[in-house]
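> Whatever this is, show me its structure:
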Amino acid sequence: MVTLTAVFITMRPRQWVKNLLVVAAPLAAGKIFFPSVALNTAVAFVSFALMSSAVYCVNDVADAEADRAHPSKRFRPVASGALSAGQALIAAAVLAAASLALAATTRWALPTLLGIYFVLQVLYAYRLKHEPVIDLAVVTAGFLMRAVAGGLAAHLPISQWFLLVAGFGSLFMVSGKRYSELHTLGSEAGTRRSLVGYTATYLRFVWSAAAAVTLVSYSLWAFEQEGTSVFPWHTASIAAFTLGMLRYAVDIDLGAAASPEDIVYADRWLQVVGVIWLVLVALGVLNVG
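Below is the predicted model:
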């Protein structure tokens, strides 16, 4: 029982909220309310939750020594000794296998994507996380893979504007995370040597440029989606989307975006803006009016 609890903690269920990105492609395509698409999207979400949990198990083994010197991470099960490295790796293997088996019930593209994600993240855990810029690219790729997973599972076309929004939006969050770490988590340098290769000015440039491209791309996507409805819901959603990014940028600038999931759970105004944005997009998808 103690081991199972330790495994569950190592799976980091609090971070599963990141996997909600799998809804993005079906929502953008306007097919999310189709039963078969909704089912395949749900499968993609659970598959990514399992695979990302497998990655966390491997990551905690790779970082165990450095985590023991960290004021908060030293309480992680592997670092504290509550879960052995061998047990964590067995859990990772079981979780990865379950993820691939579940994903295989949709289309071959989803388990292929998950396999690539796992290999890339393992390389990241043991080597790539310490390389400046490369670490940004790998983490961004992980978010982008989540964003396209729902579309792949449901066999939906993915527009170039969606890929730009997902890609640069992910880069905005990842570079903002590094910016916050550089300013507020000095002890992170022990586990994230890539921080030594960054300056606050450089990371501000990256997340500012990524934000600009994301907003422009989203606006172009929204204008392209307008159909025959009386009210331009997608166009109206640009305002909510922009407000949400600006709100998130405040957290980045304050150095409070080191854990994006914490912002999602704690920032009530960001949640309100997110709901408004989702409603506007849903109204546009349903072509209300």
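
> Specify which residues of the stretch 101-250 of the chain, grouped into ranges, have pLDDT under the cut-off.
Low-confidence segments of the stretch 101-250 of the chain, defined by pLDDT under 70, span residues 185-194, 227-229.

> got the residue ranges for the helices in it?
Remark: helices assigned in the stretch 101-250 of the chain by DSSP state H, counting those that start in this stretch are 109-126, 134-153, 160-184, 200-225, 233-253.

> can you point me to the longest helix in the protein?
helix 35-62 (DSSP state H).

> Which elements pack onto the next helix or strand after that one?
Downstream of helix 35-62, the next assigned helix or strand under DSSP states H and E is helix 64-67. For helix 64-67, the packing partners by 3 or more CB pairs under 8 Å, 6 or more residues apart in numbering; DSSP states H and E come out as helix 77-80. For every residue, glycine as well, the C-beta is placed using N, CA and C.

> could you give the mean pLDDT of the helix it packs on?
In this model, helix 77-80 carries a mean pLDDT of 88.

> go on, stretch 271-286?
90.

> For that stretch, list every residue counted as buried.
The neighbour-count criterion (16 or more other CB atoms under 10 Å) identifies 273-274, 276-277, 280-285 as the buried residues of stretch 271-286.

> now what about that stretch, what contacts it?
Outside stretch 271-286, the residues that touch it by CB atoms under 8 Å, 6 or more residues apart in numbering are 27, 30, 32-33, 225-227, 229, 231-234, 236-237, 240-241, 243-244, 247, 264, 289.

> Could you dump the buried residues of stretch 271-286 into JSON lines with secondary structure and distance to Ala69 added?
Below are the buried residues of stretch 271-286 laid out as JSON lines (DSSP: H, G, I helix; E, B strand; the rest coil; distance: CB to CB, whole Å):
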{"residue": "Val273", "secondary structure": "helix", "distance to Ala69": "38"}
{"residue": "Gly274", "secondary structure": "helix", "distance to Ala69": "36"}
{"residue": "Ile276", "secondary structure": "helix", "distance to Ala69": "43"}
{"residue": "Trp277", "secondary structure": "helix", "distance to Ala69": "41"}
{"residue": "Leu280", "secondary structure": "helix", "distance to Ala69": "47"}
{"residue": "Val281", "secondary structure": "helix", "distance to Ala69": "45"}
{"residue": "Ala282", "secondary structure": "helix", "distance to Ala69": "47"}
{"residue": "Leu283", "secondary structure": "helix", "distance to Ala69": "51"}
{"residue": "Gly284", "secondary structure": "helix", "distance to Ala69": "50"}
{"residue": "Val285", "secondary structure": "helix", "distance to Ala69": "49"}
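
> And those residues, which is closest to Leu39?
When the buried residues of stretch 271-286 are ranked by distance to Leu39 (CB to CB), Val285 comes first, at 17.6 Å.

> how near is that closest one to Ser237?
Look at Val285 and Ser237: by CB to CB, to the nearest Å, they are 10 Å apart.

> re the thing from before, tell me the buried residues within the contacts of stretch 271-286.
Buried among these (16+ other CB under 10 Å): 27, 30, 32, 225, 232-234, 236-237, 240-241, 243-244, 247.

> Check these and tell me the two furthest apart.
Across the buried ones among the contacts of stretch 271-286 (CB to CB), the longest gap, 26.2 Å, separates Gly30 and Arg247.

> Gly115 reaches Ala97, doesn't it?
No: using CB atoms under 8 Å, Gly115 is not in contact with Ala97, being 11.1 Å away.

> Tell me who's in contact with Phe223.
234-235.

> Tell me how far it lies from Val165.
In terms of CB to CB, Phe223 sits 13 Å off from Val165.

> All set now, cheers.
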